[in-house]
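Enquirer: need a 3D model of the sequence below.
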Amino acid sequence: MVEKQQFDITIIGAGLVGLSLAFALKDSGLSVALVNAKPASDTGMFEDGRALALTLGTQQVYQQMGIWPDDASMFQPIKQTSISQQGAFSRLRINADQMGQPALGYVVPFGKWGKWLWENVKKCAHVTWFEPATLKSYELNDGSVSVNLKDSNNTVFTSKLLVGADGGRSTVRDLSNIEVENFQYNQVAMVSTVNISEPHNGRAFERFMAGGPFAVLPLPDNKAGIVWCVPADRVDHYKSMSDAEYLEGAQKIFGYKFGKFKSISKRSCFPLSFQRSKALIKDRVILVGNAAHQIHPMAAQGFNLGFRDSWGLAQHLIKESDLGHDIGDTKYLQKFIDSRRHDQDQIKQLSDRTVRVFSNKLPILKQARGLGLLMNDFFPLLKKRLANKMMGLVGG
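Expert: Numbers count the residues shown, from 1 in each chain. Next comes the predicted model:
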């Protein structure tokens, strides 16, 4: 009889959060099974040109992990961000120099960052890849979980802990019978990359409009990422636009701060919702990233929140393992969940409440929003507090 393989940790999902978690466990002495739904030859994710904003806190942790690239052409520092609302004079500007930081954050092409993480995790001796494979089922044993994969070999192995990093439609969550709270914003994010005629100088912009936020992020190679959130019942109209019509509409909203939008990539659409799992742990199971919580892309906090979860989980598992504790024991997992609750609640509330308030068309709220932006702009302590939250720094 062939003995089952045994791992300390199984990560379902080889997206950005799953890859980051796997790499964070590099020198821990813990063995990791990484289950990737796509075959190794599928490089489609690497061709995704979407702009991914990493907070300064996220960049600092990646640097601490030893995985931040030396090649400066891979990322674009954000030197200034400007937040405004349509039809109002008031705006909030935050400068990295004013905050005493080298940058407020960094923007990378989604696909390039995915490829960078993938290549580095592939070099890790502590990680065993299963690809293409998905989770078929799992069963609890005494002191472990038996993981059954749907792959060419119907692979079965045991693990002390099962991590669901498999996105908003998490199989791990479904198999664990964990309920989900879901709220639809009735908005769709239309995401694209444009070539620009003048330097962006590391400036990022976000404008709140009645139909949804409109954001422009600076990218390397004199490009910019556009996230245009439109009402769900109007998305077909925007999808039917020619590239020239779409660029004209975007230019009308944004103006010519980066010169002229010259050409545009393929436009991708993502329905927007707030989603929260009602439990983040079950017996020998924990959820991270979008499997745990999915928020509006406003202020680009979604991935960064998931990354902080994965980094925190890695540090927690290493500590508990060093103490000789069972890393899959619910009482130790609960300690981690409790430690992350404040950060998670703050970011989820910041994202959800801001979108709801700025999408409300009541005139009195428009005046209140303008006053709020002005107060944050004119009072240094308020600005510093908000900036720290947006930068993912402790003390925000």
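
Enquirer: distance of residue 318 relative to residue 334?
Expert: Residue 318 sits at a distance of 17 Å from residue 334 (criterion: CB to CB, to the nearest Å). For the C-beta atoms, the positions are set from N, CA and C on the backbone; glycine is no exception.

Enquirer: so which of the two has more stuff around it?
Expert: residue 318 (17 against 12; other CB atoms under 10 Å).

Enquirer: elements contacting the helix or strand containing that one?
Expert: Element membership of residue 318, judged by DSSP states H and E, is helix 302-322. With contacts taken as 3 or more CB pairs under 8 Å, 6 or more residues apart in numbering; DSSP states H and E, helix 302-322 sits against helix 16-24, strand 51-55, helix 56-65, strand 293-294, helix 330-359.

Enquirer: list the buried residues of the following helix or strand past the first one.
Expert: Tracing the chain past helix 16-24, the next element assigned as helix or strand by DSSP H and E is strand 32-35. Going by neighbour count (16 or more other CB atoms under 10 Å), the buried part of strand 32-35 is 32, 33, 34, 35.

Enquirer: now swap in stretch 35-44 and tell me
Expert: 35, 36, 37.

Enquirer: per-residue pLDDT, the closest residue to residue 302 other than its chain neighbours?
Expert: Using CB to CB, 6 or more residues apart in numbering and skipping residues adjacent in sequence, the residue nearest residue 302 is residue 295, 5.1 Å away. What the model reports for residue 295 is a pLDDT of 81.

Enquirer: if we can go back for a sec, tell me what angle the helix holding residue 318 forms with helix 16-24.
Expert: 30 degrees (axes from the mean of the first three to the mean of the last three CA atoms, to 10 degrees).

Enquirer: now the angle from helix 302-322 to helix 56-65?
Expert: 40 degrees.

Enquirer: how far off centre is helix 302-322?
Expert: Averaging C-alpha positions (CA atoms, centre = their mean, to the nearest Å) puts helix 302-322 14 Å from its chain's average.

Enquirer: just the CA trace of it, in PDB.
Expert: Provided in PDB are the C-alpha atoms of helix 302-322 (Å, rounded to 0.1, in the frame of the first residue of the first chain):
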ATOM      1  CA  GLY A 302      -8.700  44.700  -1.800                       C
ATOM      2  CA  PHE A 303      -5.600  42.800  -2.600                       C
ATOM      3  CA  ASN A 304      -3.600  44.700   0.000                       C
ATOM      4  CA  LEU A 305      -6.000  43.600   2.700                       C
ATOM      5  CA  GLY A 306      -5.800  40.000   1.500                       C
ATOM      6  CA  PHE A 307      -2.000  40.200   1.400                       C
ATOM      7  CA  ARG A 308      -1.800  41.400   5.000                       C
ATOM      8  CA  ASP A 309      -4.000  38.400   5.900                       C
ATOM      9  CA  SER A 310      -1.600  36.000   4.100                       C
ATOM     10  CA  TRP A 311       1.500  37.600   5.600                       C
ATOM     11  CA  GLY A 312       0.000  37.700   9.100                       C
ATOM     12  CA  LEU A 313      -1.100  34.000   8.800                       C
ATOM     13  CA  ALA A 314       2.400  33.000   7.700                       C
ATOM     14  CA  GLN A 315       3.900  34.700  10.800                       C
ATOM     15  CA  HIS A 316       1.300  33.100  13.000                       C
ATOM     16  CA  LEU A 317       1.800  29.600  11.700                       C
ATOM     17  CA  ILE A 318       5.600  29.900  12.000                       C
ATOM     18  CA  LYS A 319       5.300  31.100  15.600                       C
ATOM     19  CA  GLU A 320       2.800  28.400  16.600                       C
ATOM     20  CA  SER A 321       4.900  25.700  14.900                       C
ATOM     21  CA  ASP A 322       8.000  26.900  16.700                       C
END
